[in-house]
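Peer 1: 3D, please:
(2 chains, ligands or ions: 5)
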Amino acid sequence: MEDFKPVLLEAVGVPNGHTLASYLARGGYAPLKRLLTEKKPADVVELVKASGLRGRGGAGFSTGLKWTFLPKDHTGPIYLCINADESEPGTFNNRILMEDDPHQVIEGIILSAFATRASTAYIYLRYEYPRSWDRLQAAIDEAYAGGYLGPNIQGSGFSLDIYLHRGAAAYICGEETGLIESLEGKRAWPRIKPPFPAVEGLFKQPTVVNNIETMACVAQIARRGVEWFRSIGVPADPKNPRDPGSYGPKLYCLSGHVEKPGCYEAPLGITVRELVDRFGGGVWKGRRAKAAIPGGISMGLLTEAEFDTPLDFSGPSKVGCLGLGTAAVVVLDETVSMIDFLHNSCRFFAHESCGQCTPCREGTSWSLRMLERIKQGKGRLVDLDLLLEIGNTMGMMPGSTICGLADGAAWPIKNAIKKFHGEFADFIRRTNPDGWMVTEPVPALAILGSHASERLHERKKQNTSRF
Amino acid sequence: MPTVIVDGKDIQIGADERLNCIEAARRAGAEIPHYCWHPGLSVVASCRMCLIETGSRDAATGKVSMMPKLVPACQTPAKDGTVIVTASDLVKDSRARVEEALLIDHPIDCPICDKAGECLLQDYHFEHGQSERRADIHPFTSRRRDVGPTVTLFVDRCIMCTRCVRFAREVAGTSELMVINRGATEEIDVFPGFPLENKLAGNVVDLCPVGALGDKDFLYQQRVWFLKREANVCGGCAAGCSIHTEHNQDTIYRLKPRENPHVNQWWICDEGRYGWHHVHDPSRVLEAGRRLDAHSRAATAADASGFNAVEWADVVTRLRSDLKTASPAAGRLAVAVSPMLTVEEAWMLCAIAKSIDPQAYLAVGFVPRSEADETFPGGFTIRAEKCPNRLGVEAVIALFDHPGHTWTDLLEHVQAGHADAAWITAGYPTAPPHSPWIDTATAAAFEGLKCLVVQDLFDSPLFALATWRLPAAGFAERAGTWVNIAMRAQSFKQAIRPPAGVWPEGRLYWNMLGRLGLYDPTAVRRQIAESSASLAALAGDMPATGVDLRIHQLVSADSIHTKATPSHS
Ligand SMILES: Cc1cc2nc3c(=O)[nH]c(=O)nc-3n(C[C@H](O)[C@H](O)[C@H](O)COP(=O)(O)O)c2cc1C
Ligand code: SF4
Ligand code: SF4
Ligand code: SF4
Ligand code: FES
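Peer 2: Numbering: from 1, shown residues only, chains lettered A, B, ... in the order given. Ligands and ions are numbered 1, 2, ... in the order given. Predicted coordinates:
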């Protein structure tokens, strides 16, 4: 760990590190020619499978395994979609990679396309990344000019086109089937599965969706080998046959109340505390930490006491969080009100819910409105039970929604209420001393519709309603 | 045969049937509530009302293993060994929560909502909801938004099932409707300047499980619980869509499609849907009358058009004698058998004609047509032939006469002087301001006949020449059988009584044939079936979805899947 040198971020700080010349000078694109000419696609799949690489987009699914789900004898096109929608709050590692070392990403894409037998790849870029757009497009142009993209790459016979597609800024476009819908020019409403994208995805063809950082990892595995990759991180737990391990370097996005926020590369499995102290320069202003989100807000909440949790793929779930997610760690110092935190989280998900599934659409909005009321000093203790119930019943995991956004919305609610119940209850008792146990019935509906007859309108105005 | 286990009960399904768990459970009598799923639309599995527990039973060991999560029944195929649990506590809780969620922002303005009484949100709430409202949120107001010439949207009543959006996209192919905004602020809308305006638009109102989409034609006209429904067939075109006529006190309020896999699936077109207003048009012919002759010109009862009202009992006898007197020689009577008549009415009319003149000239009446059939992306076809029973009438005529005489043939026949008397049946829905189905020039062919009987719904130039002016019945006032363009015969009962003073054709013909009692179309149909190989399939009880006359055998009701479908699909 002490001698760990950044690999994925090696170009950071290198003058003109984003250019083809710099990338070539660092040994980039060297493995590409060899693999494309000497190996078969299946060999590259095996290589990535053997490395134990798990997707960096949030779910941590084994990348090589995902590729094997593609139909073996498909005659039509296969598509590779690269997920650069990066909208998880606190997450910005994809941006660093695209801005500072776009060729590393492109090399990974070429190798992954070769492995998946795709001849077209789309990069779905979130709207708010104009600089990534410029750098990526420039790099793609350079790669075409240098014979790394287009027909017959480096004389290997393999051809690939990459299209850079800019989204219109919606969190849900990062969900893989939402991304596919959006690429097809539709509203990004996630699709029901099955069929999974590997069988029927973009334009009804087999499709693989992978994250930008996953691509960078593929490029590094090709350059440095499986052994190197597996030497980093947390090996599989021999006592848990379902744990595939957490191998390789990882980009951690550290932000919030630390002295030095930033994107740091570390072996998988670093703890929150190490991250904050070694990289982040400690909690800011000499304060103490109160909590942290482990990997994007969707993953839930760690208390300060849980800061020794290793940030590998299975660590956060051991302390009641959803998982590693995007490894975006946001630190909250002791002055932060958990009510504000949860309100902010609920506001995000209520705003970003695509609105398809009833439990997610209404659950995110209901929880937000409850928190708004609590913040206004009109909370009731029963609200906490309701919030917990919403958190426990909304999401893909209990089976009540189509995509994982609802789980992501539920975890902060569950964690905040469970881990900080006292703070919520105290706040409600303090701000609503007379009403904290009141559950007032909802007043009968006021008929205000424009279709109601004038007479009803009048009666309402004069307040002579019979009700 | 594949076996599905529904709430512990084994149910056999067809080997090549592709059912989802909702359909499979329905076979076992278990109703799984659902909003977004509709058999005629793509599956989106978004409302999450249909969540159930599933698992599979191992064929060899009989061991059942259940899935840990709830799954949407609409999206889950029922296969051999599929275990479906529709009423566990987990399932019930989940339904109650979905109901609760849907009601958070719902205006619940049932007292002024057209859907009340047939609203899935209401029904499911009573069955699956919880009695107490836990959300302390003031519901939205109930905003109304115009989305098209025939359909209006009560924005806040919408539960976002997207059935309407999918219909416009998948079945009509016009895609006018869309979802705007995100999350709980989502609404259904149209793009400015592109209203919901297609020939199938009205179906979205039927599809809407709640009162969000309203039919302007029906809006605030009648509470649905006052309506009675009769299974009918649409007379708008030769497709012969199965419909329900919904009426109260002999007044039609709306027509609804009736599911028929062989004909119209779940849909009807707007022309048919709104094509009932003529039945209640005040300008209908409401009285039987005979033209004043020179001798009785003094009679005061004559109305302005020169007809003298005649009691129906007298019509029955005098009509026959008039025609007989006018055409004493064989072959001098010409009859136009309208394609608006039922098979039974047509058969009785032909029988009467032949009893007056054994060589009477029988032709299919005027067949209204539009330019061409119109097929929609979802497969629904509106036929160019704008009458319901040309094929049925042709088949009937073939039993009595040379087949194949058309209306044009009849016009030529009369014009060539081959007839002394003619009986023209019509009954086309050409209420004013539509122009009559026949113009003065064409009608002139019938000038100079000794006797002209015209039986029609509305005034036309023919009445100026007619000896007898007889009213016709509207489609919902008839009973009998129509044969559609695909040779499917569908029988239906009378839905409403005709206006006072009007005898539907069937009743008049029945009496003119001297038959006793009330007109009994079933008896006539059986009689026709006995006397004819081509119409033999009409002999049995007619299934609700009709029989295919091209299959010259009795089609037993259970060989077609005419399972009772609940009113909400
Ligand atoms: C609501 C939601 C938002 C997501 N946003 C992103 C995103 O911005 N970027 C991303 O790479 N993956 C995102 N994902 C995960 C993707 O669905 C998908 O798992 C991932 O792109 C797969 O790539 P990987 O296997 O390389 O990790 C999101 C998932 C959900 C449920
Ligand atoms: S879970 Fe939420 S975001 Fe995902 S599809 Fe359903 S409504 Fe949309
Ligand atoms: S849609 Fe249903 S629940 Fe809503 S107001 Fe209308 S009848 Fe009532
Ligand atoms: S308007 Fe009706 S059919 Fe359309 S989405 Fe809303 S509830 Fe469903
Ligand atoms: S989710 Fe199955 S019917 Fe809506």
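Peer 1: in the stretch 201-350 of chain A, which spans are helices?
Peer 2: A:212-230, A:272-274, A:338-352 (DSSP state H, counting those that start in this stretch).
Peer 1: beta partners of the residue nearest the centre of chain B?
Peer 2: In chain B, the residue lying closest to the centroid (CA atoms, centre = their mean) is B:Ile243, at 2.4 Å. Taking DSSP bridges as the rule, B:Ile243 bridges to B:Asn232, B:Pro257.
Peer 1: burial count for B:Val151?
Peer 2: 27 (other CB atoms under 10 Å in any protein chain shown). Bear in mind the C-beta positions are built from the backbone N, C-alpha and C, glycine included.
Peer 1: that one touches B:Gly214, doesn't it?
Peer 2: Yes - with contact defined as CB atoms under 8 Å, B:Val151 counts as touching B:Gly214 (7.0 Å).
Peer 1: could the helices of the stretch 201-350 of chain A go into CSV alongside distance to B:Trp482 and mean pLDDT?
Peer 2: Output for these, formatted as CSV (distance: least, CB to CB, whole Å; pLDDT from 0 to 100):
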stretch, distance to B:Trp482, mean pLDDT
helix A:212-230, 64, 97
helix A:272-274, 76, 97
helix A:338-352, 54, 97
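Peer 1: tell me the helices and strands packed up against the top strand by length along chain A.
Peer 2: Across chain A, the strand with the greatest residue count (assigned by DSSP state E) is strand A:249-256. Judged by 3 or more CB pairs under 8 Å, 6 or more residues apart in numbering or on different chains; DSSP states H and E, strand A:249-256 is in contact with helix A:93-100, helix A:212-230, strand A:262-267, strand A:328-333.
Peer 1: the second one and ligand 1, any residue contact?
Peer 2: Yes - part of helix A:212-230 sits close enough to ligand 1 to count as contact by CB under 6 Å from any ligand atom, namely A:Thr214.
Peer 1: identify the contacts common to B:Val151 and B:Gly214.
Peer 2: B:Val205 (CB atoms under 8 Å, 6 or more residues apart in numbering or on different chains).
Peer 1: just send the helices and strands packed on strand A:249-256 back as CSV, with mean neighbour count too.
Peer 2: Shown next, in CSV, are those (neighbours: other CB atoms under 10 Å in any protein chain shown):
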stretch, mean neighbour count
helix A:93-100, 25
helix A:212-230, 23
strand A:262-267, 20
strand A:328-333, 25
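Peer 1: could the ones you listed go into JSON lines alongside distance to ligand 2?
Peer 2: Shown next, in JSON lines, are the helices and strands packed on strand A:249-256 (distance: least, CB to the nearest ligand atom, whole Å):
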{"stretch": "helix A:93-100", "distance to ligand 2": "20"}
{"stretch": "helix A:212-230", "distance to ligand 2": "22"}
{"stretch": "strand A:262-267", "distance to ligand 2": "27"}
{"stretch": "strand A:328-333", "distance to ligand 2": "19"}
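Peer 1: export those to JSON lines and tack on distance to B:Ala326?
Peer 2: As requested, the helices and strands packed on strand A:249-256 are exported to JSON lines (distance: least, CB to CB, whole Å):
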{"stretch": "helix A:93-100", "distance to B:Ala326": "93"}
{"stretch": "helix A:212-230", "distance to B:Ala326": "92"}
{"stretch": "strand A:262-267", "distance to B:Ala326": "102"}
{"stretch": "strand A:328-333", "distance to B:Ala326": "97"}
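Peer 1: to ligand 3, which of these lies closest?
Peer 2: Among the helices and strands packed on strand A:249-256, strand A:328-333 comes nearest to ligand 3, with 41.6 Å by CB to the nearest ligand atom.
Peer 1: circling back to that earlier point, angle of the longest strand of chain A against strand A:328-333?
Peer 2: 30 degrees (axes from the mean of the first three to the mean of the last three CA atoms, to 10 degrees).
Peer 1: strand A:249-256 near ligand 1 anywhere?
Peer 2: No - counting by CB under 6 Å from any ligand atom, ligand 1 is not contacted by strand A:249-256; separation bottoms out at 11.9 Å.
Peer 1: just how off-centre is that strand within its chain?
Peer 2: Averaged C-alpha coordinates place strand A:249-256 at 13 Å from its chain's average position (CA atoms, centre = their mean, to the nearest Å).
Peer 1: pLDDT on that strand, on average?
Peer 2: Strand A:249-256 carries an average pLDDT of 98.
Peer 1: coming back round to it: select, out of the helices and strands packed on strand A:249-256, the one closest to B:His405.
Peer 2: Across these, B:His405 has its closest neighbour in helix A:212-230 (77.0 Å, CB to CB).
Peer 1: where are the low-confidence patches of the chain?
Peer 2: Using chain A here. Chain A contains residues with pLDDT under 70 at A:1-2, A:438-467.
Peer 1: my bad, chain B
Peer 2: Looking at chain B by pLDDT under 70, you get B:139-140, B:293-305, B:552-569.
Peer 1: where exactly do the helices run in it?
Peer 2: Remark: helices assigned in chain B by DSSP state H are B:21-27, B:89-104, B:120-128, B:163-166, B:203-207, B:270-273, B:312-326, B:343-356, B:390-397, B:407-415, B:440-443, B:505-512, B:521-531.
Peer 1: please identify the helix or strand for the closest residue to ligand 5 within the stretch 1-150 of chain A.
Peer 2: Nearest residue of the stretch 1-150 of chain A to ligand 5: A:Ala59, at 23.1 Å (CB to the nearest ligand atom). For A:Ala59, there is no enclosing helix or strand under DSSP states H and E.
Peer 1: identify the residues contacting it.
Peer 2: A:Gly323, A:Gly404.
Peer 1: what's around B:Pro358, how many residues?
Peer 2: B:Pro358 has 11 neighbours, counted by other CB under 10 Å.
Peer 1: any idea how far it is from B:Trp267?
Peer 2: According to CB to CB, to the nearest Å, B:Pro358 stands 46 Å off from B:Trp267.
Peer 1: and the nearest residue to B:Arg229 once chain neighbours are set aside, how many neighbours?
Peer 2: Once flanking residues are discounted, B:Arg229 sits nearest to B:His244: 4.3 Å by CB to CB, 6 or more residues apart in numbering or on different chains. Neighbours of B:His244 under the rule other CB under 10 Å: 19.
Peer 1: swap in the one 3 residues further on?
Peer 2: Burial measure for B:His247: 24 neighbouring residues, criterion other CB under 10 Å.
Peer 1: closest to ligand 5 out of the helices of chain B?
Peer 2: Shortest separation from ligand 5 across the helices of chain B is recorded for helix B:21-27, at 7.0 Å, computed as CB to the nearest ligand atom.
Peer 1: quick one: contacts of that closest one?
Peer 2: Outside helix B:21-27, the residues touching it (CB under 8 Å, 6+ apart) are B:4, B:6-7, B:11, B:13, B:19, B:31-32, B:34, B:37, B:39, B:50, B:52, B:54, B:73-74, B:76-78, B:82, B:84, B:86, B:563.
Peer 1: how much space between the closest residue to ligand 2 within the stretch 251-400 of chain B and ligand 1?
Peer 2: Nearest residue of the stretch 251-400 of chain B to ligand 2: B:Gly378, at 25.2 Å (CB to the nearest ligand atom). Between B:Gly378 and ligand 1 the distance is 32 Å, computed by CB to the nearest ligand atom, to the nearest Å.
Peer 1: rewinding a little: got the angle for the longest strand of chain A vs helix A:93-100?
Peer 2: Using the same axes, to 10 degrees: strand A:249-256 against helix A:93-100 is 110 degrees.
Peer 1: A:Pro31 and A:Gln220 touch, don't they?
Peer 2: No - A:Pro31 lies out of contact with A:Gln220 (CB under 8 Å); the separation is 9.6 Å.
Peer 1: how about the residues of chain B by ligand 3?
Peer 2: B:106, B:108-110, B:113, B:115-116, B:119, B:121-122, B:157, B:210-211.
Peer 1: top of the residues you listed by neighbour count?
Peer 2: B:Arg157 leads the residues of chain B next to ligand 3 on contacts (other CB under 10 Å) with 28 neighbours.
Peer 1: A:Gln376 - how many residues pack around it?
Peer 2: 10.
Peer 1: tell me the SS of it?
Peer 2: At A:Gln376 the chain is in helix, as set by DSSP: H, G, I helix; E, B strand; the rest coil.
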